[in-house]
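Student: Dropping a prediction and its sequence here:
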Amino acid sequence: MKSAPLLVAAALLGAAGCGSSGGNPSNLVQVTYSYAAGQPITVAGGACEGVVGPVTLHGDGKMYYQVQDDGGTDTMTLAILPYSFFASESCNFTTDQTLVDVPITGSAMDTVDAIADTYELVVACTLPTSYNCVFHLTWNATY
């Protein structure tokens, strides 16, 4: 009767390995979506404009942006906000309506949490009107 302990052990191992697929979030595959990959951007001094978007996130995740100013002296404010606010208010949105709203001198990067929505990336160049903010932009989301 040596086979009885082996059958019990096999049954226990089988039961331990059988779990439900139960929607454990750690089993989900996340995908990175690129909206701008080193894209050259020029915004006139004193101007504010949507530079990329609208883009739609179909799930919650992380959003990453990078501004690379080769001269290192351009000053601007970068905002990422739901497109509905930008569409209705243009650059008159308030900081409580934004996902990101940061002043930048030169280059910057960051990663922020994002929820499913449609977004616009907006840049206000704070240089005098006789100058332009010229930079490369990378923007993506992983969800």
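Tutor: Alright, I've got the coordinates.

Student: wait, residue 33 sits on residue 140?
Tutor: Yes: applying CB atoms under 8 Å, one finds residue 33 in contact with residue 140, separated by 6.1 Å. Heads up, the C-betas are built off the backbone N, CA and C, glycines and all.

Student: Out of the helices and strands in this structure, which is least certain?
Tutor: In the chain, no helix or strand scores lower on mean pLDDT, DSSP states H and E than helix 3-17, which sits at a mean of 43.

Student: shouldn't residue 51 be in contact with residue 125?
Tutor: No: the criterion here is CB under 8 Å, and residue 51 misses it with residue 125 at 10.3 Å.

Student: mind listing the helices in the protein by residue range?
Tutor: Ranges of helices in the chain, per DSSP state H, are 3-17, 83-89.

Student: what's the strand of greatest length in the chain in contact with?
Tutor: Taking DSSP state E as the criterion, the chain has its longest strand at strand 32-44. With CB atoms under 8 Å, 6 or more residues apart in numbering as the test, strand 32-44 has contacts from 49, 51-53, 55, 57, 68, 76, 121, 123-125, 129, 132-143.
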